[in-house]
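Chemist: Take this sequence and fold it.
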Amino acid sequence: MSLSHFDKDGQAHMVDVSDKEVTDRIAVAEGCVVMLPETLDYVLKGTAKKGDVLGIARIAGIMAAKKTSDLIPLCHPLPITKVTLDLEPDEALPGVRIRATVKTSGQTGVEMEALTAVSAAALTVYDMLKAVEKSMQIEGIRVVLKDGGKSGKYEAEGSAS
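Modeler: Below is the predicted model:
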């Protein structure tokens, strides 16, 4: 197996997708922000100093998915047709679980857009709560589902996609 972002001389390049078939594509990514139960209370009660933590993080994730090609050097700009972010407080964690779903019809997949959405949402949760707790941890960011295109379907083990 070779790395597609390098040419025969080992130089980085943007992959040529012009010969790929246009297909419906989807990617789902997940991650979480782990925090103290007292910090999670700010989210649950809606009393964080900066406002609606989950609502603002959701918007940040959507915006990030749309800007992925501006952030990741070799990503193609894509016509994203759908982005959803689910942010669920989880007292058992304790923290916030984040799940992004991104769709397109195109010649390349949207895994990077889904990962970027989760990352930006998690960073936003951290930013909004850092005055209360600086020791929060962003964990487990990964692709749990990818479908469409030549390589077909990928589903991570243990995912509830």
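Chemist: chain center to the longest helix seen in the chain: distance?
Modeler: If you go by DSSP state H, the chain has its longest helix at helix 111-129. The chain centroid and the centroid of helix 111-129 are separated by 6 Å, computed with Cα atoms, centre = their mean, to the nearest Å.
Chemist: Next secondary structure after it?
Modeler: Sequence order places strand 137-147 as the next helix or strand after helix 111-129, per DSSP states H and E.
Chemist: hmm, back to that, and the angle from the longest helix of the chain to strand 137-147?
Modeler: On the basis of axes from the mean of the first three to the mean of the last three Cα atoms, to 10 degrees, helix 111-129 is oriented at 150 degrees to strand 137-147.
Chemist: buried residues in helix 111-129?
Modeler: For helix 111-129, a neighbour-count test (16 or more other Cβ atoms under 10 Å) marks 111-126, 128-129 as buried. Using the backbone N, CA and C atoms, a C-beta is placed for each residue, glycine as well.
Chemist: same question for it, mean pLDDT?
Modeler: For helix 111-129, mean pLDDT is 97.
Chemist: for it, packing partners?
Modeler: Here helix 111-129 touches strand 23-34, helix 37-45, helix 53-66, helix 68-71, strand 80-90, strand 95-106, strand 137-147, going by 3 or more Cβ pairs under 8 Å, 6 or more residues apart in numbering; DSSP states H and E.
Chemist: tilt between that helix and helix 53-66?
Modeler: Using the same axes, to 10 degrees, helix 111-129 lies at 150 degrees relative to helix 53-66.
Chemist: relative to strand 80-90, how tilted is helix 111-129?
Modeler: Using the same axes, to 10 degrees: helix 111-129 against strand 80-90 is 40 degrees.
Chemist: pull the CA atoms of stretch 131-144 into CSV?
Modeler: C-alpha atoms of stretch 131-144 as CSV (Å, rounded to 0.1, in the frame of the first residue of the first chain):
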residue,chain,number,x,y,z
ALA,A,131,-12.2,29.3,33.2
VAL,A,132,-13.8,26.6,35.4
GLU,A,133,-11.4,23.7,34.6
LYS,A,134,-8.2,23.7,32.7
SER,A,135,-7.6,20.0,33.2
MET,A,136,-10.3,18.8,30.7
GLN,A,137,-9.2,16.3,28.2
ILE,A,138,-10.2,15.8,24.6
GLU,A,139,-10.2,12.1,23.8
GLY,A,140,-11.0,9.4,21.3
ILE,A,141,-11.4,11.4,18.1
ARG,A,142,-11.8,8.9,15.3
VAL,A,143,-13.8,8.0,12.2
VAL,A,144,-16.5,5.4,13.1
